[in-house]
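Engineer: generate a structure from the sequence data that follows.
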Amino acid sequence: MSARDREIAVFVDHLEEGHAMGYKAIAAEHPRYGQQAVRTSLGRIVLAGHLRWIREHITVEDDSMRWVTRTYWSRTRRSEEWWADFVRERDGKDVTEDHMPGLARVENAEEQPAPEPEDAAEQPSTAYRTLAEVRSADTRMPLSDGDCRSLEPLVAEWLTRGATPDDITKALTAGLPPAVTNPGGLARKRLESKMPPKKAKIRQKAARRARVSRVIMVCGLCDADERTTKISGGLCDECRALIEAEGPAYGHVPDTFLPAQRDAGGLPGADEVIDVTEKVNALRRAAGLL
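Structural biologist: Numbers count the residues shown, from 1 in each chain. Okay, here's the model as predicted:
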């Protein structure tokens, strides 16, 4: 595929799960390409086997029902047969914990829970690890082992109040002076003064079980589904023809999207090596998205 296709692929790969997918949504965030360019690239990525749009009919125990459309992304190229099996396996799935529309990752869906290590009790807590890793975020905050152990209860309280390790790291490193003479003392002051409020205790109804009661393939470019049209390779015939009419794609999207030398059939700049991930990150920073 073209350099643009690879750039869009890496852009999608960096999106958070649950992100609204579609060429219009991507174009609205991407600082470089418009809707038509993104549409063409997404179409090629779909045909390459990395993306599928699937409409799932969700049924809850109280007999309420709704349709949600999820975009499934795979860093590994998948065959048409593999995607067909994936769709069949979605039918009947218990999705009580996660039945929201948006982006989902195939690799994450396939992961099995890792067994707990035998010495789990001896492993550092999340609070301790968060403090120990602050040094990596900003070298002006090299918290010692003693600092981490002393501040661990405060960080644990942050976590119970809904903060994430990233939230805590940002609170400890944002707006630091040029030199920090007492990292432990500064960290304690910030952890105490910026402590998030406690979550309101709200009585919640027991979650009703939700399951997928029907699954259908959707064309990712026009939103038509297989109830009304034929879907082949993730696209309807009309959208597929439009993508193929754009002309041949040069090279391919590698499974890992690592920077690599492109084979563009002798086109100018074909031998240029581009770190696509860094380039996309730079574009997102320039647009204020990072």
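Engineer: quick one, helices of the stretch 1-150 of the chain?
Structural biologist: 3-13, 23-29, 35-47, 80-90, 106-110, 126-132, 134-137, 145-160 (DSSP state H, counting those that start in this stretch).
Engineer: and these, which one's lowest on average pLDDT?
Structural biologist: When those are compared on mean pLDDT, helix 106-110 scores lowest, with a mean of 68.
Engineer: about what we covered before: dump the helices of the stretch 1-150 of the chain into JSON lines; add distance to R188 and mean neighbour count as well.
Structural biologist: Where C-beta positions appear, they are placed from N, C-alpha and C, glycine not excepted. Output for the helices of the stretch 1-150 of the chain, formatted as JSON lines (distance: least, C-beta to C-beta, whole Å; neighbours: other C-beta atoms under 10 Å):
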{"stretch": "helix 3-13", "distance to R188": "38", "mean neighbour count": "22"}
{"stretch": "helix 23-29", "distance to R188": "38", "mean neighbour count": "16"}
{"stretch": "helix 35-47", "distance to R188": "47", "mean neighbour count": "22"}
{"stretch": "helix 80-90", "distance to R188": "49", "mean neighbour count": "14"}
{"stretch": "helix 106-110", "distance to R188": "36", "mean neighbour count": "12"}
{"stretch": "helix 126-132", "distance to R188": "11", "mean neighbour count": "20"}
{"stretch": "helix 134-137", "distance to R188": "13", "mean neighbour count": "16"}
{"stretch": "helix 145-160", "distance to R188": "6", "mean neighbour count": "16"}
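Engineer: got TSV for the ones you listed, with distance to P178 too?
Structural biologist: As requested, the helices of the stretch 1-150 of the chain are exported to TSV (distance: least, C-beta to C-beta, whole Å):
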stretch	distance to P178
helix 3-13	35
helix 23-29	34
helix 35-47	42
helix 80-90	53
helix 106-110	41
helix 126-132	22
helix 134-137	17
helix 145-160	20
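Engineer: just so I know, which of those helices lies nearest G234?
Structural biologist: helix 35-47 (4.0 Å; C-beta to C-beta).
Engineer: what's next to that closest one, contact-wise?
Structural biologist: Helix 35-47 has contacts (C-beta atoms under 8 Å, 6 or more residues apart in numbering) with 1-2, 4-5, 7-9, 12, 23-24, 26-27, 30, 33, 51-52, 220-221, 233-235, 239-240, 242-243, 246, 249, 253.
Engineer: what about the residue located most distally from the centre of the chain, distance to L131?
Structural biologist: The C-alpha centroid of the chain is most remote from T181, which lies 37.9 Å away (C-alpha atoms, centre = their mean). Distance from T181 to L131, counting by C-beta to C-beta, to the nearest Å: 18 Å.
Engineer: is A104 in a bridge, and if so with what?
Structural biologist: For A104, the beta-bridge partners are Y72 (DSSP bridges).
Engineer: mind listing what it touches?
Structural biologist: A104 touches E17, G18, R70, T71, Y72, W73, D98, counting by C-beta under 8 Å, 6+ apart.
Engineer: restricted to buried residues, select those residues in ChimeraX.
Structural biologist: Remark: buried members of the contacts of A104, expressed as a ChimeraX selection using 16 or more other C-beta atoms under 10 Å:
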select :70,71,72,73
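Engineer: adding distance to I58, write the contacts of A104 out as JSON lines.
Structural biologist: Below are the contacts of A104 laid out as JSON lines (distance: C-beta to C-beta, whole Å):
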{"residue": "E17", "distance to I58": "17"}
{"residue": "G18", "distance to I58": "15"}
{"residue": "R70", "distance to I58": "10"}
{"residue": "T71", "distance to I58": "16"}
{"residue": "Y72", "distance to I58": "16"}
{"residue": "W73", "distance to I58": "20"}
{"residue": "D98", "distance to I58": "11"}
